[in-house]
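[1] Here is the input, now give the coordinates:
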Amino acid sequence: MCVSETSEEYLETLWKSAEHRKKLAHLTWIADHLGITAPSALEMLKKLEKERLVINKTRQGIELPEKGRQIARRIVRAHRLTEVLMKETLKTELKEETVCGMERHMDEEFMDALCTLLNHPTKCPHGNSSPKGK
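    Down below sits the predicted model:
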């Protein structure tokens, strides 16, 4: 499924929330994390809910259903593999705009090959776990 870069940013943010043991992310946390206003975040989350990429549990928070988790997992894996490539293999400075630009264009086959090349890293340079491939 092809989703917009903005949609991917939201799904990635929700993945990160779950990594911090927060199954349900609150609107204000999402907005703060993305550096936007809560009304803007709510508008986008409503669009994602229509596409069944998120579930808005009123007054509880937002969660990722399986469809959203699959997309978020792909983006997070690509992001973290790119960080390992840049920092540990190429010995270059991590630049968020470069990492984000590359992550969006990787397919599973490329990620699997990159993961193999990097000797199957389990963590990114920030210490966060990398989602596993096949």
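
[2] Distance-wise, check Arg73 relative to Leu11.
    The gap separating Arg73 from Leu11 is 9 Å, by CB to CB, to the nearest Å. Backbone N, C-alpha and C define where each C-beta goes, glycine included.

[3] With neighbour numbers in mind, choose between these two.
    Leu11 (25 against 17; other CB atoms under 10 Å).

[4] Which neighbouring elements make contact with the one helix or strand Ala78 maps to?
    According to DSSP states H and E, Ala78 maps onto helix 66-84. If contacts are counted by 3 or more CB pairs under 8 Å, 6 or more residues apart in numbering; DSSP states H and E, helix 66-84 sits against helix 5-19, helix 96-103, helix 108-117.

[5] ok, residues contacting the helix or strand bottoming out on mean pLDDT in the chain?
    None of the helices or strands of the chain scores lower by mean pLDDT, DSSP states H and E than helix 96-103, at a mean of 90. Contact with helix 96-103 is made by Ile75, Ala78, His79, Thr82, Glu83, Met86, as judged by CB atoms under 8 Å, 6 or more residues apart in numbering.
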